[in-house]
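Asks: show me the folded form of this:
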Amino acid sequence: MMLVGLLYSSFATTSHTDGDTVVIELNSKSKITIYTTDRDALKDIERYDVNQMIKDLNTALKSKKIERIELEDANGKKYLKDTTIVFGEGSSAKTKIKIGNMELLVDAEDWDDLEDEFDDDLPVYKHEYEDRSIDRTDNSFNIDIGTNNWMEGGAFPDENNQNYAVKPWGSWYIALNSVNKTWLTGPLFMEWGMGVSWYNWKMQDADNLITKGDNNIEIVEAPTTTSSIYSKLTAPYINVSMVPVLDFSKGRKRVKNLERGSISFKSYKKQGIRLGLGGYAGYRIGGRAVYKYEEDGKKQKDKDSDSFYLNNFRYGVRAQIGYKGLDLFAQYDLNEVFAEGRGPAGSPGLNAITFGITL
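Replies: Numbering: from 1, shown residues only. From the prediction side, this is the model:
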């Protein structure tokens with residue numbers, strides 16, 4: 001505020017026909033010069049943190065040449081009060097993202113350099129397919145997407161018209177996994193890793209609600225005043241898996257690489273046939289019953305978070321088959337979904353089963 005006061009006191013004595021200039025001498029070697037076209041424009045200086053600007057300028061001059069500093073950037077926010085501007089060349093913009101059969105690599109010394117590359121008309125270099133094999137261990141981030149159900153005595157509950165029958169379409173299974181593929185010998189590999197998954201069991205009849213009774217899971221009818229949309233039970237788990245795989249292409253992949261400046265995008269296309277059979281184990285980290293309905297013309301959703309007598313642990317077998325770019329999987333829990341004797345009344349025990357694809 002003292003700086004602004006000095007500016008106003010000097011303003012009247014430094015007038016020119018097409019603008020005004022204010023010169024503030026700090027010492028024999030330093031001064032601040034401000035040029036403005038009118039008094040209202042000078043008032044805008046109160047919005048800026050001049051002290052921070054000087055500090056950043058002093059830092060910048062130690063590392064590189066600064067020809068010009070503007071008070072505002074394209075959004076008008078640079079050097080506004082409570083804003084931090086960082087100069088320097090030490091940061092790295094190297095970023096690597098790998099999901100399934102795709103990999104994005106950004107390797108630039110500075111993000112500004114990366115922005116300049118897109119302003120220039122750089123050519124896109126296309127590298128044709130090349131063979132690549134696994135020397136020992138390869139890591140990837142995979143996504144399992146599928147549908148899940150549960151079985152009792154080798155049959156699905158809807159075959160016996162049970163009120164806890166599950167609707168396959170809409171009962172989605174999703175898993176996010178970090179998977180390592182280690183070569184053992186010949187075509188034999190071991191796929192091992194960990195991740196997190198979500199079971200979603202959606203009731204075949206949306207009017208059947210899942211509740212936790214005193215001794216077991218109970219299926220109750222929805223209120224007659226509501227129009228049911230869906231009713232489901234969800235259960236998330238943290239998992240580990242180990243699946244021996246016969247990969248007859250011995251891990252070879254066809255790699256297509258697209259490059260533009262500091263950006264490289266690679267897509268991997270697997271080769272041959274892959275067969276795997278192994279196991280997994282998981283620990284439950286939650287549970288929730290969800291009921292979505294419409295009442296008085298408005299859609300509403302009731303959520304009830306609880307254990308619902310769900311088993312804390314799950315373990316089972318996993319089979320997978322792949323051909324070139326397509327991978328399918330199936331999983332079956334060897335232990336029951338609910339604790340012994342705690343499942344829906346009349347059920348001898350429910351085991352989760354899942355089918356889907358791996359991305």
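Asks: so residue 344: helix, strand or coil?
Replies: coil (DSSP: H, G, I helix; E, B strand; the rest coil).
Asks: let me redo that: residue 40
Replies: Residue 40 - assigned by three-state DSSP - is helix.
Asks: would you map the helices across the stretch 101-250 of the chain?
Replies: Per DSSP state H, counting those that start in this stretch, the stretch 101-250 of the chain carries helices over the ranges 111-119.
Asks: so, low pLDDT: which residues of it?
Replies: 108-132, 134 (pLDDT under 70).
Asks: where is the longest strand in the protein?
Replies: Across the chain, the longest stretch assigned as strand under DSSP state E is strand 227-247.
Asks: roughly how far apart are residue 96 and residue 335?
Replies: Counting by C-beta to C-beta, to the nearest Å, the separation of residue 96 from residue 335 is 38 Å. All C-beta spots, glycine's among them, are computed from the backbone N, C-alpha and C.
Asks: comparing the two, which shows the higher neighbour count?
Replies: residue 335 (16 against 10; other C-beta atoms under 10 Å).
Asks: name the SS class of the more buried one, please.
Replies: Following three-state DSSP, we place residue 335 in the coil state.
Asks: so what's it up against?
Replies: Contact partners of residue 335, counting by C-beta atoms under 8 Å, 6 or more residues apart in numbering, are 311, 313-316, 351.
Asks: need the phi and psi values for it.
Replies: Backbone torsions of residue 335, given as degrees, to the nearest 10, read phi -100, psi 160.
Asks: stretch 146-156: end-to-end distance?
Replies: Stretch 146-156 has an end-to-end distance of 17 Å (C-alpha to C-alpha, to the nearest Å).
Asks: which residues does that stretch contact?
Replies: Contact partners of stretch 146-156, identified using C-beta under 8 Å, 6+ apart, comprise 157, 165-166, 168-169, 171-173, 199-201, 329, 337, 347-357.
Asks: identify each buried residue in that stretch, please.
Replies: 146-152, 156 (16 or more other C-beta atoms under 10 Å).
Asks: cool, stretch 320-330 as well?
Replies: Across stretch 320-330, burial judged by 16+ other C-beta under 10 Å covers 320, 322, 327, 329.
Asks: most widely separated two among these?
Replies: 322 and 329 (9.1 Å; C-beta to C-beta).
Asks: where do the contact lists of the two overlap?
Replies: In contact with both residue 322 and residue 329: residue 358, using C-beta under 8 Å, 6+ apart.
Asks: just the ones in strands from the buried residues of stretch 146-156, please.
Replies: 146-151.
Asks: reformat those residues as CSV; add distance to residue 21.
Replies: Listed next are those as CSV, based on distance: C-beta to C-beta, whole Å:
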residue, distance to residue 21
146, 71
147, 73
148, 74
149, 79
150, 80
151, 85
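Asks: re the thing from before, and of the contacts of residue 335, the nearest to residue 34?
Replies: When the contacts of residue 335 are ranked by distance to residue 34 (C-beta to C-beta), residue 314 comes first, at 69.2 Å.
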